[in-house]
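Student: Here is a sequence together with a model predicted from it:
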Amino acid sequence: MNISILQCLDGAKNAKGLAVIIDVFRAFTVEPYLFARNAKEVYAVGDKDIAYRMKELNPDVILVGERNGITLPGFDYGNSPSRVDRDDFTDKIVYHTTSAGTQGIANSINASEVITGSFANSKAVSKYILDSGYEEVSLVCMGLNAERETAEDTLCAEYIRSLLLGEELDISDRLMELSKTSGKKFFDPAKEEIFPRADFDYCINANVFDFVIRATKVDESVYLMSKIEV
């Protein structure tokens, strides 16, 4: 198996085979919790205007997302796993758009298949990959605003790669170190509304879920996200 670790938007565009779009802080930690809270359908969109249009067509649609970490105007939720985990999404249709994660999905134009990844389901992701039979695997770290490498996404990619190679890394100390690097924003009281302290714990809580989330294009820049048990 050829395993590549790629970075940011260019990495997504160059991903081949089975692409794992990794966004730990916070897009692909959020989506597993949406499914855990019984969302009926989840759609990832790169263009926020598509999400607004869907809300106009159906006011019952739930909008989740951000730009630069800040909840988009008129959205029901920001990109916060701790906050979506408070509520019941049974029978709800969710549109999700973010600065990094959903941009990665929309730009993985050369991949044969796209799934998402975070610490929340890393072992499930590795099992899915091993069962898939793909020889080419692209682990795409979306980073900050899909422009700059971040420690948490790269660590997640390294962890998934270690699982694929049967050499599981002990990442416990490195997870906690994130509080001093790219995770510092979650510990700034002035940013609590944008980056809740609880989100950090959600994002580094590894292997909570035994499913992966697969992206299937259904329209221009609209991807149906499907929960796949492994």
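Tutor: All right, it came through fine.
Student: so the residue nearest the centre of the chain is in which element?
Tutor: Centroid check for the chain by C-alpha atoms, centre = their mean gives Phe28 as the closest residue, at 1.9 Å. Phe28 belongs to helix 27-36 when elements are defined using DSSP states H and E.
Student: May I have the secondary structure class of Ser4?
Tutor: strand (DSSP: H, G, I helix; E, B strand; the rest coil).
Student: ok, it - how many residues close by?
Tutor: Ser4 has 17 neighbours, counted by other C-beta atoms under 10 Å. Backbone N, C-alpha and C define where each C-beta goes, glycine included.
Student: and what of Asp219?
Tutor: Neighbourhood size, Asp219 [other C-beta under 10 Å]: 10.
Student: and it, what are its bridge partners?
Tutor: Beta-bridge pairing for Asp219 (DSSP bridges): Val222.
Student: Against Ser182, how distant is the closest residue to Thr181 other than its chain neighbours?
Tutor: Closest residue to Thr181 apart from its sequence neighbours, by C-beta to C-beta, 6 or more residues apart in numbering: Ala151 at 4.8 Å. Going from Ala151 to Ser182 by C-beta to C-beta, to the nearest Å gives 5 Å.
Student: and what of Ile129?
Tutor: Relative to Ser182, Ile129 is positioned 25 Å away (C-beta to C-beta).
Student: remind me which residues of this structure are low pLDDT?
Tutor: Low-confidence segments of the chain (pLDDT under 70): none present.
Student: Could I get the full set of helices for the protein?
Tutor: 8-14, 27-36, 48-57, 81-84, 101-107, 122-132, 151-164, 172-177, 197-204 (DSSP state H).
Student: quick one, what contacts Ala36?
Tutor: Applying C-beta atoms under 8 Å, 6 or more residues apart in numbering to Ala36 gives the contacts Asp85, Phe209.
Student: Comparing Ile129 and Ser182, which shows the higher neighbour count?
Tutor: Between Ile129 and Ser182, Ile129 has the larger neighbour count (other C-beta under 10 Å), namely 25 against 21.
Student: rewinding a little: go ahead and confirm the residue nearest to Thr181 touches Lys184.
Tutor: No: Ala151 lies out of contact with Lys184 (C-beta atoms under 8 Å); the separation is 10.7 Å.
Student: More neighbours: which of these two?
Tutor: Legend: neighbour count by other C-beta under 10 Å for Ala151 and Lys184, higher for Ala151 (18 against 13).
Student: now that one: how far from Lys48?
Tutor: Ala151 is 27 Å from Lys48, where distance means C-beta to C-beta.
Student: Sounds good, over and out.
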